[in-house]
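[1] structure of the sequence below:
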Amino acid sequence: MPTPGSGAPRCPPTRRSAPRWRRREIVRSRIDVMRGYAEKTDCRRRMLLGYFGETRPAPCGTCDNCDAGTSRDDAGDVPEGVPAAQEAVRDPEFGDGVVMSVEPHRMTVLFTEHGYRTFALDAVRALDLVEPVEA
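    Residues are numbered from 1 along each chain as shown. Next up is the predicted model:
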């Protein structure tokens, strides 16, 4: 049984509590994305541009990670056949979403009802997860 303040729900969401539960899940996913940004050792500008659907193949050379020499010049290593940033996608578990960023080994998707989720690209391809939505 969950203890008070443990973050675990006491019971599954009901129809009445579902909107509140969804908001909490989205807020939690936003915190995870910010934590990932803070802990990232690659070029921060490239990450922010990817979040807004733009690409920058080379590190910027001006952010703290570029100054520290931890940024990698591997933006071109994203495999083919993976949905691009800002592309509409659908996942069997999380529903409809939009790709926010694609990196060499992972992608982050913002789902309408579940917030941000990060997937390993190997799993996306092997399990047919996060498929593009036909327009």
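
[2] CA atoms for contacts and neighbours, from now on please.
    OK.

[3] looking at this structure, which strand is longest?
    If you go by DSSP state E, the chain has its longest strand at strand 95-102.

[4] now do the contacts for Pro132.
    In this structure, Pro132 makes contact with 83, 87-90, judged by C-alpha atoms under 8 Å, 6 or more residues apart in numbering.

[5] let's go with 6 Å and repeat that
    In this structure, Pro132 makes contact with 88-89, judged by C-alpha atoms under 6 Å, 6 or more residues apart in numbering.

[6] and the gap between it and Asn65?
    Separation of Pro132 from Asn65 (C-alpha to C-alpha, to the nearest Å): 32 Å.

[7] now do Thr112
    Here Thr112 is placed at a distance of 31 Å from Asn65 (C-alpha to C-alpha).

[8] picking up where we left off before, against which helices or strands is the longest strand of the chain packed?
    Judged by 3 or more C-alpha pairs under 6 Å, 6 or more residues apart in numbering; DSSP states H and E, the packing partners of strand 95-102 are helix 44-51, strand 88-91, strand 106-111.

[9] if we go to 10 Å?
    Contacts defined by 3 or more C-alpha pairs under 10 Å, 6 or more residues apart in numbering; DSSP states H and E place strand 95-102 against helix 44-51, strand 88-91, strand 106-111, strand 115-120, strand 131-132.

[10] roughly how far out does it sit from the chain middle?
    When distances are taken as C-alpha atoms, centre = their mean, to the nearest Å, strand 95-102 is centred 7 Å away from the chain's centroid.

[11] before we move on, the earlier item: which of Thr112 and Asn65 has more residues huddled nearby?
    Taking other C-alpha atoms under 10 Å, Thr112 and Asn65 do not tie; Asn65 has more neighbours (19 against 14).

[12] the inter-axis angle of the lengthiest helix in the chain versus strand 115-120?
    Across the chain, the longest stretch assigned as helix under DSSP state H is helix 18-39. Going by axes from the mean of the first three to the mean of the last three C-alpha atoms, to 10 degrees, helix 18-39 is angled at 50 degrees with respect to strand 115-120.
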